[in-house]
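Visitor: turn this into a structure:
(one chain, ligands or ions: 1)
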Amino acid sequence: MKDKGLIPQLSLLCQLQEIDLQIKQVKEEISQIPRKIKEWKGELVEREEKIKELKKKREELIIQGKEKELELGSKEEITKKYQGQLYTTKTNKEYSSLLHEIEETKRVSSQMEDEILMSMEKIEVEEESIRKESKELEEKSKEIEIEEQKENKRLKGLEENLKDKQAERNKFIPGIDNTLLAKYERIFQAKGGVALVPVIGGSCGGCHVQLTPQNVQIVKQGGKPTICEGCARILYWKENLEQPKG
Ligand SMILES: [Zn+2]
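Guide: Residues are numbered from 1 along each chain as shown. Take a look at the predicted model:
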């Protein structure tokens with residue numbers, strides 16, 4: 001049976017609010033878990049992208065290196081051809097001109113060899129980075145997999161906890177006046193929690209606005225529900241309420 005007196009009603013509401021605040025906190029914790037997991041997975045995708053970029057760069061270097069090697073091969077062919085021609089030249093001018101060509105081709109070839117070596121070194125550096133990044137990715141994946149399992153286990157626990165708290169909440173509902181409950185719930189939603197506040201030193205315990213002595217008196221007497229003019233929360237007199245059990 002409902003006890004319609006305001007003070008016992010506020011006492012019940014106070015206990016309900018305690019549970020509602022716990023429910024709110026559990027729900028927040030639950031909602032953070034998928035967010036956290038998504039963030040971790042995002043980090044893995046970023047790492048994968050980075051490795052892809054490194055591999056692409058390595059492929060480009062390999063292609064460039066092969067092109068240079070082909071070019072070098074043809075330069076060496078040309079040098080050989082000129083060297084063969086040296087024996088069949090008729091004039092000194094032709095001879096020295098060929099020698100000059102050979103020198104020039106050799107110079108270019110040697111430059112190309114340096115470039116090929118350099119590009120091989122660059123490929124080596126890229127490969128080292130790929131190895132390092134891949135190893136880190138593997139470790140991170142394992143780490144996240146374990147963390148994800150932990151979080152999913154925690155999620156199950158929180159969901160159980162939430163169910164228990166909601167069942168506990170439901171036990172209070174029949175005892176509370178419907179109009180008062182609706183008012184409380186509306187304020188709880190609007191304020192993002194805490195709809196019921198005590199009067200502390202003549203002020204609202206929610207927004208600290210100074211209350212008129214008349215209003216303080218009304219709250220103390222517990223004749224009718226009093227709303228704070230500052231924050232629109234329901235006020236109560238702490239000493240009036242029974243201590244919540246437990
Ligand atoms: Zn207030």
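
Visitor: roughly how far apart are Asp177 and Leu12?
Guide: 9 Å (CB to CB, to the nearest Å). In short, each C-beta sits where N, CA and C put it, glycine included.

Visitor: again, but for Arg169
Guide: Separation of Arg169 from Leu12 (CB to CB): 11 Å.

Visitor: okay, the two: which has more neighbours?
Guide: Comparing Arg169 with Leu12 by other CB atoms under 10 Å, the one with more neighbours is Leu12, at 22 against 16.

Visitor: contacting residues around that one?
Guide: Phe172, Gly175, Ile176 (CB atoms under 8 Å, 6 or more residues apart in numbering).

Visitor: just give the closest residue to the second one, not the sequence neighbours.
Guide: So that's Gly175. Leu12 (5.3 Å; CB to CB, 6 or more residues apart in numbering).

Visitor: contacts for stretch 43-61 next, please.
Guide: 119, 122-123, 126-127, 129-130, 133-134, 136-137, 140-141, 144.

Visitor: identify, from the contacts of Leu12, the entry nearest to the ion.
Guide: Ile176 (21.6 Å; CB to the ion).

Visitor: I figured the closest one was touching Leu13, is that so?
Guide: Yes: with contact defined as CB atoms under 8 Å, Ile176 and Leu13 form a contacting pair (6.3 Å).

Visitor: and for those two, which residues touch both?
Guide: Residues touching both Ile176 and Leu13 (CB under 8 Å, 6+ apart): Tyr184.

Visitor: neighbour count winner among those two?
Guide: Leu13 (27 against 20).

Visitor: surely that one and Lys183 touch.
Guide: No: contact criterion CB under 8 Å: Leu13 and Lys183 do not qualify, at 9.5 Å.

Visitor: between those two, which contacts overlap?
Guide: With CB under 8 Å, 6+ apart, Leu13 and Lys183 have common neighbours Ile234.

Visitor: next up, the contacts around Lys4.
Guide: Contacts of Lys4 (CB under 8 Å, 6+ apart): Asp177.

Visitor: from Asn178, how far out is it?
Guide: For Lys4, the distance to Asn178 - CB to CB - is 11 Å.

Visitor: where's Gln64, which helix or strand?
Guide: Gln64 belongs to helix 6-85 when assigned by DSSP states H and E.

Visitor: I'd like the next helix or strand past that helix.
Guide: Note on helix 6-85: by DSSP H and E, the next helix or strand toward the C-terminus is helix 92-172.
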